[in-house]
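Enquirer: Kindly generate the corresponding structure for this input.
(chains A and B)
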Amino acid sequence: MTPGPQRPSTVAALAAQHGRPEAYAYLDEDTKRNVRRAILKALAIPGWQVPFASREMPVARGWGSGGLQVTLSLVGPNDVVKVIDQGDDHSSNAVGMRKLISESAGCAETTSTTAATIIQSRHRIPELDLRADQLLVLQVPHPEPLRRVVPADVAALVHHAERDYTPAWLDLYDAEARIGGPRTAADHPVLVDGARLMSPSPIPRYDVLRLNRRPHPILLGAGRRARLTALPPYIDVAPLAFEDSPLDPEHAGAPCWRCGSTQTYRVLAERRWCCSDIDACRVRLEATTP
Amino acid sequence: MTTNAVADYNDRAPLVPPEPVVSVRRLAHRFGSGCDRCIDLTGEAAGTNRCCACGSVVAVYDASFDIGPHEVLGVVGESGSGKTTLLRCLHLDLTPDSGSISVGGQAINRSTVVMVHQNALAAGLYPRLAAESNVAERLLGGGARHFGEIHSRAAELLNELGLQPERHTDALMTFSGGMQQRVQLARALVDPPQVLLLDEPTTGLDPSVQADLLDVMQRVTEALGSASVVVSHDLAAVRVLASRIVVLHHGRIVEEGIAEQVLEDPQHPYTQLLVSSRLT
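Expert: Numbering: from 1, shown residues only, chains lettered A, B, ... in the order given. Sure thing, here's the model as predicted:
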């Protein structure tokens, strides 16, 4: 297709070309209502995978379309949005989604964790503790924690309904017996409220251990699988682990080279260990540097 | 005809323990739609268990026996005589057409019975998981959540059955048939069942492994103290394990008695044939 001179470059221009008002926050009202309804149900049954009518988004499925739909259905003009990708505010995907949300909803955007009201995140939970008035939205690629051990959907549903997670326990046992610990580097399954097994999205084990009794709600959207899961505030979340063999967080090889932190989740970047959460690292650096 | 035949040929007093663990009464199972003449057209006199009128197979008919505590009942017969059908009825894989099976005075249920299958991998064991994990599954299913305890119990069971500790964490698919059978037995011992069913436990194994495995099974059945049934066409294996034998022919029990007596001094012509055709 040859791009014509009148080719619209924004959603607003596209809507104007067709003589229609631009939908607030990209999604039409019916879709947003559908997603909100699913979120309410997910909050009412913590850890349960609630199906929703996942729409085509301007990002490919698997690139955060689920998280984006959750954020867009909840965002208002007074919100301040922050999007992070593995702790980084400046990855092209995070920047693109932050722009889409703030422009279509007419709201403010930020990279500061404390200033944000809605934080959409891929594969990390912000290092700074969130407040009760903040909302964390996580992007989930595979919402089914039993996928690997019970590949059939219906069989997995039966396991959830009967709260029989023996296959997951057995998988964990096999890994413990053979390699001395769980195979899951990220996305370690958690038991919500002691009852339902849930995939916490591919966050590191360090973050899995920080999910318990958070003061703010956490919404997990899987656009490709069209499933929503939610953790209401102060819900008990425990990683799947044996009583005498608790889940171990990752250990970094050295303190962060920027802020010198030894407590945070650190990753190797260009052969140097540094904080994965850029904003938290910046806050610490500002606090320690005169 | 069948019951009379048993009475005719089996003139010894049957060894019935005072309080049997398992009681099977007039058990019958037929494969196919069946007809009114099935029973008359099959069995000893007809020389087949396939009904020539409707084509159904009367796999087991009118089987009654008791098994006491600490007792191992051997079921022998040629291929197609109904041994495995009888065992599958006891394991509730098949619903019998008529008759009753009770365990400890109650109707049989799945939790009281454990079967050790001929082929371990076809029996629901996980080929890609470690031997220890296959045993641990039973413990996990029972609600155990303490890794150390599960680990030591699984290792203990596997050691008891003669599996070297260095093989405990190897995937089951790398094991030989005899070793897989040991893992199956270890699983059966996790929660000692009231009834242990062994279906052709030594078939397909070489003689030295067979002897080893039989030794293990003998120890297991003695230690368990539950009622056991061993089905095999290997008379030597049955002789080692079973204290009492039931001979099946064309789906009917033709002889029943103490193992040594039946094998040394068979009364029914079919048993005589079975014993005489044994390779020595």
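
Enquirer: Need the three-state assignment for residue B:74.
Expert: Judged by DSSP: H, G, I helix; E, B strand; the rest coil, the three-state class of residue B:74 is strand.

Enquirer: Just give me the neighbour total for the residue of the stretch 51-200 of chain A found nearest chain B.
Expert: Here the stretch 51-200 of chain A gets closest to chain B at one residue, residue A:174, 4.0 Å apart by CB to the nearest CB. Quick note: C-beta positions are derived from backbone N, CA and C, even for glycine. By other CB atoms under 10 Å in any protein chain shown, 23 other residues sit near residue A:174.

Enquirer: mind checking the longest helix of chain A?
Expert: In chain A, with assignment by DSSP state H, the single longest helix is helix A:29-44.

Enquirer: ugh, wrong one, I meant chain B
Expert: Assigned via DSSP H, chain B shows its longest helix as helix B:207-224.

Enquirer: What residues does the closest residue to chain B within the stretch 101-250 of chain A make contact with?
Expert: Nearest residue of the stretch 101-250 of chain A to chain B: residue A:242, at 3.6 Å (CB to the nearest CB). Going by CB atoms under 8 Å, 6 or more residues apart in numbering or on different chains, residue A:242 touches A:172, A:173, A:176, B:145, B:146, B:147, B:148, B:150.

Enquirer: Which pLDDT value belongs to it?
Expert: Per-residue pLDDT puts residue A:242 at 96.

Enquirer: For it, give its distance to residue B:140.
Expert: According to CB to CB, to the nearest Å, residue A:242 stands 10 Å off from residue B:140.

Enquirer: and for the two, which residues touch both?
Expert: The contact lists of residue A:242 and residue B:140 share A:173, B:150, where a contact means CB under 8 Å, 6+ apart.

Enquirer: thinking again about what came up before, so what does the longest helix of chain B touch, helix or strand wise?
Expert: helix B:177-190, strand B:195-199, helix B:235-241 (3 or more CB pairs under 8 Å, 6 or more residues apart in numbering or on different chains; DSSP states H and E).

Enquirer: mind putting the ones you listed in JSON lines, mean pLDDT, mean neighbour count and distance to residue B:55 included?
Expert: Below are those laid out as JSON lines (pLDDT from 0 to 100; neighbours: other CB atoms under 10 Å in any protein chain shown; distance: least, CB to CB, whole Å):
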{"stretch": "helix B:177-190", "mean pLDDT": "89", "mean neighbour count": "23", "distance to residue B:55": "35"}
{"stretch": "strand B:195-199", "mean pLDDT": "90", "mean neighbour count": "24", "distance to residue B:55": "26"}
{"stretch": "helix B:235-241", "mean pLDDT": "87", "mean neighbour count": "21", "distance to residue B:55": "31"}
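
Enquirer: Looking at the ones you listed, spot the one closest to chain A.
Expert: helix B:177-190 (12.4 Å).

Enquirer: tell me which strands and helices the closest one is in contact with?
Expert: Using 3+ CB pairs under 8 Å, 6+ apart, the elements in contact with helix B:177-190 are strand B:113-116, helix B:131-141, helix B:147-160, helix B:207-224.

Enquirer: At the contact with chain A, which residues of the stretch 51-200 of chain B appear?
Expert: Proximity of the stretch 51-200 of chain B to chain A, by CB under 8 Å from any CB of the partner chain, involves residues B:126, B:129-130, B:132-133, B:136-137, B:140-141, B:145-151, B:168-169.

Enquirer: can you count the residues close to residue A:73?
Expert: 23.

Enquirer: Show me what residue A:88 is bridged to.
Expert: With DSSP bridges as the criterion, residue A:88 is bridged to residue A:85.

Enquirer: list the contacts for it?
Expert: Taking CB under 8 Å, 6+ apart as the test, what residue A:88 contacts is A:94, A:276, A:278.

Enquirer: Turn those residues into CSV, including pLDDT, secondary structure and neighbour count.
Expert: What follows is the contacts of residue A:88, written out as CSV (pLDDT from 0 to 100; DSSP: H, G, I helix; E, B strand; the rest coil; neighbours: other CB atoms under 10 Å in any protein chain shown):
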residue, pLDDT, secondary structure, neighbour count
A:94, 95, helix, 22
A:276, 96, coil, 24
A:278, 94, helix, 18
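
Enquirer: Single out the most deeply packed of the helices and strands packed on helix B:177-190.
Expert: Among the helices and strands packed on helix B:177-190, ranked by average contacts under mean count of other CB atoms under 10 Å in any protein chain shown, first place goes to helix B:131-141 (a mean of 25).

Enquirer: helices and strands around it, which ones?
Expert: helix A:166-179, helix B:147-160, helix B:177-190.

Enquirer: and these as a markdown table, adding distance to residue B:222?
Expert: Formatted as a markdown table, the helices and strands packed on helix B:131-141 follow (distance: least, CB to CB, whole Å):
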| stretch | distance to residue B:222 |
| --- | --- |
| helix A:166-179 | 30 |
| helix B:147-160 | 13 |
| helix B:177-190 | 12 |
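
Enquirer: Residue B:19: which of the ones you listed is closest?
Expert: Minimum separation from residue B:19 across the helices and strands packed on helix B:131-141 (CB to CB) falls at helix B:177-190, 23.3 Å.

Enquirer: for the closest residue to chain A within chain B, what are its contacts?
Expert: Nearest residue of chain B to chain A (CB to the nearest CB) works out as residue B:147 at 3.6 Å. The contact partners of residue B:147, taken as CB under 8 Å, 6+ apart, are A:173, A:176, A:242, A:243, A:244, A:245.

Enquirer: Filter these down to the buried ones and hand me the PyMOL line.
Expert: Of the contacts of residue B:147, the buried ones go into a single PyMOL selection, burial set by 16 or more other CB atoms under 10 Å in any protein chain shown:
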select buried, chain A and resi 173+176+242+245
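
Enquirer: Much appreciated, bye for now.
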